[in-house]
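Peer 1: would you be able to build a 3D model of this:
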Amino acid sequence: MTDLEAESSESLESSKLLRPRPLHSDKRGYDSLPYRLRIVFWREHQNLIAIGVLLAAFAMTLFLFQKYRNGNGLVDIDQTTKLVAEYQIDINLAPAGEWMVLPGIGPKLAEQIVSDRKTNGPFPSHESLTRVSGIGHGKLSQIQPYLADVDSSIIASSNRPMPRR
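Peer 2: Got it, this is the predicted structure:
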């Protein structure tokens, strides 16, 4: 053995001694924890475990089938009453923005309603909305639930002549 080989083998051994061993290692420095924690099932245990898994799966299937058959689904949901928003506009006071909220009324038709109201005066009834082009009896019946009763005081006050200064 040459001096160089002896020196390298000594340094290798000394480096092994200086290097700390892992907490769970054998004499060679290999980690033996996974081997120690490994569970070995013998063939008769494997059969018992397979039978247990199959029985659990069968029981779960029966439970889910029974639960689904008895109810409306797998999840019980409390049924609530439908909330109805009561949104009504006054046809003689509503600006174009409120008209656009109604179904079937867009920005153009809303502006037409407001300009007709300014030009021809307030609407005496809901049916008088048909004087606006674009509102027929079909559209009127569609928006009828959203229209508040016509206030007769607004109509009476608009018919009085304005005082002159």
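Peer 1: host element of residue 64?
Peer 2: helix 43-70 (DSSP states H and E).
Peer 1: kindly provide the distance from residue 96 to residue 105.
Peer 2: Distance, residue 96 to residue 105, using CB to CB, to the nearest Å: 9 Å. For glycine as for every other residue, the C-beta is placed from the backbone atoms N, C-alpha and C.
Peer 1: tell me which of these two has more neighbours.
Peer 2: residue 105 (21 against 16; other CB atoms under 10 Å).
Peer 1: confidence score at the closest residue to that one other than its chain neighbours?
Peer 2: In this structure, residue 105 finds its nearest non-sequential neighbour in residue 99, 5.1 Å apart by CB to CB, 6 or more residues apart in numbering. At residue 99 the predicted local confidence, pLDDT, stands at 92.
Peer 1: correct me, but residue 96 touches residue 114?
Peer 2: Yes. Between residue 96 and residue 114 there is a contact under CB atoms under 8 Å: 5.0 Å.
Peer 1: quick one on the thing from earlier: could you measure the residue nearest to residue 105 against residue 123, distance?
Peer 2: Using CB to CB, residue 99 is found at 12 Å from residue 123.
Peer 1: which secondary structure elements does the host helix or strand of the residue nearest to residue 105 contact?
Peer 2: Here residue 99 is covered by helix 96-101, with elements defined by DSSP H and E. If contacts are counted by 3 or more CB pairs under 8 Å, 6 or more residues apart in numbering; DSSP states H and E, helix 96-101 sits against helix 107-120.
Peer 1: so which bits of the helix it packs on are buried?
Peer 2: Neighbour-count burial for helix 107-120, counted by 16 or more other CB atoms under 10 Å, picks out 109, 110, 112, 113, 114, 116, 117.
Peer 1: tell me the helices and strands packed up against it.
Peer 2: Counting contacts by 3+ CB pairs under 8 Å, 6+ apart, helix 107-120 is packed against helix 96-101.
Peer 1: who's in contact with the helix it packs on?
Peer 2: 87, 89, 105, 106, 107, 109, 110, 111, 113, 114 (CB atoms under 8 Å, 6 or more residues apart in numbering).
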